[in-house]
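here is a sequence with its predicted model. Questions after.
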Amino acid sequence: MRDEPSGETSWNKQVIMPKKIQHYSAPGITVSFDPNLCYHSAVCLKTLPAVFDVRRRRWVAPEAASVEEVVAAVEKCPSGALTYMREGKAEQVSEEPEDRPNVTVIQASANGPLLVQGSFLLLDESGKPIDAPDRAALCRCGRTANQPFCDGSHLKAGFQSKKRTEG
């Protein structure tokens, strides 16, 4: 995972200690949640509410759905905060179709972060790699306490994206 902050950076004068990654297991699958990457889009809650429910003390219950349903929901996570490992497999298996070209997609979300998906290398201002999964939600408003990742601060700040006009 990402290196722990050692002091001030030019991105953010406030030092934020990384939050612990959470793991939730059920027969056939383990779901991991990195709260340092989540910007609270609620895609997981809307996609599979039987498994993802913030009103429960154990908010991820992978046993509440089939392994395939959990995999499909986790792969919709726009920030990469949710990942999974199938039982008996060494690493997460991508369910992307093989006929899809190998491209990196960067999409501006409405009034929110830049959503990056695909193969990419993310570097800090000194050129040091920042560990990121195959997708990330990057801050666009400049208010996040977790640079370069979005932490949902745009909501409180009232950030509004500007539409490009064709000229």
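Received the coordinates, thanks.

who touches residue 150 in this structure?
39, 79, 112-113, 137-140, 144 (CB atoms under 8 Å, 6 or more residues apart in numbering). Any C-beta I mention is one placed from the backbone N, CA and C, and that applies to glycine too.

so for the lengthiest helix in the chain, mean pLDDT?
Identified as the longest helix of the chain according to DSSP state H is helix 67-74. Average pLDDT, helix 67-74: 97.

and which of the contacts of residue 150 is nearest residue 18?
Checking the contacts of residue 150 against residue 18 with CB to CB, the nearest one is residue 144 at 13.8 Å.

okay, the closest residue in space to the closest one that isn't next to it in sequence: pLDDT?
Nearest non-adjacent residue to residue 144, counting by CB to CB, 6 or more residues apart in numbering: residue 151, 4.6 Å away. Note on residue 151: pLDDT of 92.

for the protein, which segments count as strands?
For the chain, strands defined by DSSP state E occupy the ranges 22-26, 29-33, 82-86, 105-108, 114-117, 135-138.

highest average neighbour count across the ones you listed?
Highest mean neighbour count among the strands of the chain (mean count of other CB atoms under 10 Å): strand 135-138, with a mean of 23.

what's the longest helix of the chain in contact with?
26, 28-29, 31, 44, 47-48, 51-52, 62, 65, 82-84, 86, 95.

now do it against strand 22-26, angle only.
Helix 67-74 runs at 160 degrees relative to strand 22-26, counting by axes from the mean of the first three to the mean of the last three CA atoms, to 10 degrees.

give the buried residues for helix 67-74.
67, 70-71, 73-74 (16 or more other CB atoms under 10 Å).

ok, now stretch 74-93?
74-75, 77-85, 92.

what is the nearest of the residues you listed to residue 164?
residue 78 (21.0 Å).

what distance do you get for that closest one to residue 149?
12 Å (CB to CB, to the nearest Å).

shared neighbours, the two?
What both residue 78 and residue 149 touch, as defined by CB under 8 Å, 6+ apart, is the set 39, 137.

if we can go back for a sec, between the buried residues of helix 67-74, which sits nearest residue 132?
Within the buried residues of helix 67-74, the smallest distance to residue 132 is 16.1 Å, found for residue 74 (CB to CB).

any idea how far residue 113 is from that closest one?
Residue 74 is 19 Å from residue 113, by CB to CB.

ok, now residue 31?
22 Å.

ok, residue 147 next?
Between residue 147 and residue 113 the distance is 12 Å, computed by CB to CB.

more neighbours: which of these two?
Taking neighbours as other CB atoms under 10 Å, residue 147 and residue 113 compare with residue 113 leading, 27 against 19.
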